[in-house]
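**Q** quick one, fold the following:
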Amino acid sequence: MAGRAQIWLTWCGSAPEPAELASRWNWDPWLLAAIAIAAAAHTLLTPRDRTRDAAFAGLVLAVLVLFVSPFCALSAALFTARVVHHLALVFVAAPLVVILWGGTLLRLSGSLAIWTAIQALVFWAWHAPALYAGALSHDGLFWAMQLSITLSSAVWWAKLMRAPAAGAVASLLVAMVLMGLLGALLTFVPRPIYEPHLLTTQPWGFTSLEDQQIGGVVMWAPGSLIYLLAAMAILFRRLFRMPTVESLR
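**A** The predicted model follows:
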């Protein structure tokens, strides 16, 4: 096992120790070039709009934090950081994608119920130990993980925003239960199941099982809570007849 851990290298690099984390910025030229091209295209080809400009700036900032800053390296060491990373894709990056390209996403076929299932299935699948390990050891699978989690969540959010209140609340509650169930399973499983983190957590003061349990709790509590708060916001808006967004940009 030790020999296998020695060669474990994620797209974000090898797992850092606390003393070196601050220096572990990821200056991947392909990623930086993609950000620069996207920024140029947005500036030159998109009509100026404060909401869209703010959403694009927020999306770029999210990408920089998740994939360029030392947080990227931290997620190679700690499963908990990887969970936070994935929740940021679902609750930060995906809604920003909806603001930018929601109209295009809505053209994709499938009901809200279908996309509720797809979004949950994608999220669960990438936390299966074999797929998770594959994504952290192969660059192509790593980006398949990032894009599929973000895009499936974005389509789901887009469908949700156009759904009747009852359907939207039902979808959010289903998503909450499924997120909580996955978090609970990871919290109570009696042994560590993610090989990439078996020997990377000790410098941070955790056993691999403790790290996995903390990650499960983060997914179970804050992750589920965001879905619940969104459902409550929809109900509040419905009860007090607050205006709704008429169209996606």
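**Q** any low-confidence regions in this structure?
**A** Within the chain, the ranges that satisfy pLDDT under 70 run 1-7, 241-249.
**Q** how about the helices in it?
**A** Remark: helices assigned in the chain by DSSP state H are 2-6, 29-45, 50-63, 70-77, 79-88, 94-106, 112-125, 129-135, 139-162, 165-188, 208-218, 224-239.
**Q** hmm, who's touching the fifth one?
**A** Translated: helix 79-88. Outside of helix 79-88, the residues within contact range by C-beta atoms under 8 Å, 6 or more residues apart in numbering are 62, 65-66, 71, 74-75, 123, 126, 149, 194, 197, 201, 208, 211-212, 214-216, 218-219, 222-223, 226. (Each C-beta comes from the backbone N, C-alpha and C, glycine too.)
**Q** Ala77 is in contact with Trp8, correct?
**A** No: using C-beta atoms under 8 Å as the test, Trp8 is too far from Ala77 to be in contact (10.6 Å).
**Q** the contacts of helix 79-88, buried ones only, as a PyMOL selection?
**A** Here is the PyMOL selection string for the buried members of those, based on 16 or more other C-beta atoms under 10 Å:
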select buried, resi 62+66+71+74+75+123+126+149+194+197+201+208+211+212+214+215+216+218+219+223+226
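**Q** which residues touch the nearest residue to Leu198 once chain neighbours are set aside?
**A** Nearest residue to Leu198 in three dimensions, chain neighbours excluded: Ser208, at 5.0 Å (C-beta to C-beta, 6 or more residues apart in numbering). By C-beta under 8 Å, 6+ apart, Ser208 lies in contact with 79, 192, 194, 197-201.
**Q** number of residues surrounding the nearest residue to Phe67 once chain neighbours are set aside?
**A** Using C-beta to C-beta, 6+ apart and skipping residues adjacent in sequence, the residue nearest Phe67 is Leu31, 6.0 Å away. Using other C-beta atoms under 10 Å, Leu31 is surrounded by 17 other residues.
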